[in-house]
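Engineer: Output the structure for:
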Amino acid sequence: MAKKELGILASLSDSDYRKLLDELRTSITGTRISLARRINETMMQLYWNIGKSISERKIEEGYGAAVINRLSADLKNEFPNMGFSARNLWDMKRFYERFSVAEQKLRQVVAVLPWGHNLLLMNKLTSYEEMEYYAEEAVKLGWSRNVLLNYIKADSFHNTKLLPKQHNFDKVLPEHLQEQADEILKSRYNLAFLGTSKPLKELELEKMLMEKIRFFILELGRGFSFIGNQYRLTLNDKEYFVDMLFFNRCTRSLVAVELKIGDFEPEYISKMGFYLSLLDKQAKMDGENPSIGIILCANKDRDEVEIALQTATSPIGVADYNFEFPDKKIKQLIIDELKRNK
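Structural biologist: Numbering: from 1, shown residues only. Purely as a prediction, here's the structure:
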């Protein structure tokens with residue numbers, strides 16, 4: 001290496017070099033992601049156009065099988081490794097026919113989803129409203145195909161969108177934060193990824209969530225990053241511990257999560273309020289919004305929660321959780337209950 005080059009390298013401190021390397025990594029990664037998205041969008045447009053061409057010629061399964069098989073053979077011969085199997089050509093036709101009559105918002109979001117995700121939506125769902133929900137969440141949160149499948153199996157749409165949420169955000173938070181805080185809370189959290197249905201102690205539940213923290217963050221939703229568990233707070237030589245502490249980028253606030261293995265108890269609200277006050281005094285940084293609390297219980301009585309929240313002055317949400325994918329009968333019971341309460 002030339003002396004001049006050695007001098008330039010020597011003039012960069014180790015921290016400056018690390019910053020330069022991180023900048024380049026970020027730029028390269030961002031470019032790769034952008035290119036992948038453009039390629040995917042282009043492929044979805046191609047599949048849409050192919051599906052449209054087949055659909056407009058009224059080629060149907062059965063008598064049209066010979067035509068599609070011949071198309072598949074000719075296209076694979078000329079364009080190998082581009083997914084032009086007969087099955088895929090039929091799916092492209094179905095893709096066009098299913099979404100060409102959907103609202104523009106849904107058409108726009110499926111246009112940026114990978115092909116495997118779109119096949120899942122078509123194969124597992126019939127409601128356009130549900131398709132839009134899962135498609136938007138997959139794009140926002142970067143769900144893989146398997147993660148998307150798990151959320152569909154867990155009936156996340158009905159648990160998140162239809163079951164009423166319980167919180168006091170509209171009473172204690174500034175108006176500009178109320179909607180954002182509401183969006184980061186779910187009415188029910190599905191912990192099926194833990195792979196257990198047996199009764200657990202609170203520390204056991206926390207330990208299992210820590211072991212699968214990436215999956216728990218996915219279940220929490222958009223914008224969450226993990227800070228720590230058993231987060232230590234002090235007051236007058238006494239110690240207090242928050243079960244799990246997160247930061248949410250959407251609300252720009254600390255989010256304390258308390259885990260309860262039994263039924264909701266009203267005193268949980270005052271305890272959470274105390275923790276949030278300490279967090280605001282000891283952990284919240286300048287420019288951040290008030291800390292938010294989420295109490296996760298195995299069961300809760302809606303009336304009891306509503307009354308307990310009435311006197312709370314800190315932003316607190318209460319939700320329940322389960323460990324299993326709900327079956328269709330339970331799903332229907334939820335829908336029927338919602339209709340009666342309208």
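
Engineer: Next, name the residue at the spatial heart of the protein.
Structural biologist: The centroid of the chain falls nearest to residue 221 when counting by CA atoms, centre = their mean (3.9 Å).

Engineer: What separation do you get for that residue and residue 177?
Structural biologist: 16 Å (CB to CB, to the nearest Å). Where you see a C-beta, it was placed from the backbone N, CA and C, and this is true even at glycine.

Engineer: Can you name the residues that contact residue 282?
Structural biologist: 233-234 (CB atoms under 8 Å, 6 or more residues apart in numbering).

Engineer: circling back to that earlier point, the residue nearest to the centre of the chain contacts residue 182, correct?
Structural biologist: No. In this structure, residue 221 is not within contact of residue 182 by CB atoms under 8 Å, at 11.6 Å.

Engineer: Next, the distance between the ends of stretch 154-168.
Structural biologist: 27 Å (CA to CA, to the nearest Å).

Engineer: anything in contact with each of residue 221 and residue 182?
Structural biologist: By CB under 8 Å, 6+ apart, no residue touches both residue 221 and residue 182.

Engineer: Next, the buried residues of stretch 63-79.
Structural biologist: Neighbour counts over stretch 63-79 (16 or more other CB atoms under 10 Å) mark 64, 68, 71-72, 75 as buried.

Engineer: so after the longest helix along the chain, what's the next helix or strand?
Structural biologist: The residue-count maximum for a helix in the chain (DSSP state H) belongs to helix 14-56. Remark: after helix 14-56, the chain's next helix or strand is helix 65-78, criterion DSSP states H and E.

Engineer: just the helices in the stretch 151-300 of the chain please.
Structural biologist: For the stretch 151-300 of the chain, the helices defined by DSSP state H, counting those that start in this stretch cover 156-157, 169-172, 175-184, 202-211, 213-220, 267-282.

Engineer: Mean pLDDT and distance to residue 89 added to those, as CSV?
Structural biologist: Listed next are those as CSV, based on pLDDT from 0 to 100; distance: least, CB to CB, whole Å:
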stretch, mean pLDDT, distance to residue 89
helix 156-157, 83, 30
helix 169-172, 94, 49
helix 175-184, 92, 39
helix 202-211, 90, 44
helix 213-220, 90, 34
helix 267-282, 96, 55
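
Engineer: re the thing from before, what about the closest residue to the residue nearest to the centre of the chain other than its chain neighbours, how many neighbours?
Structural biologist: Distances taken as CB to CB, 6 or more residues apart in numbering place residue 184 nearest to residue 221, at 6.0 Å, with adjacent residues excluded. Residues contacting residue 184 under the criterion other CB atoms under 10 Å number 22.
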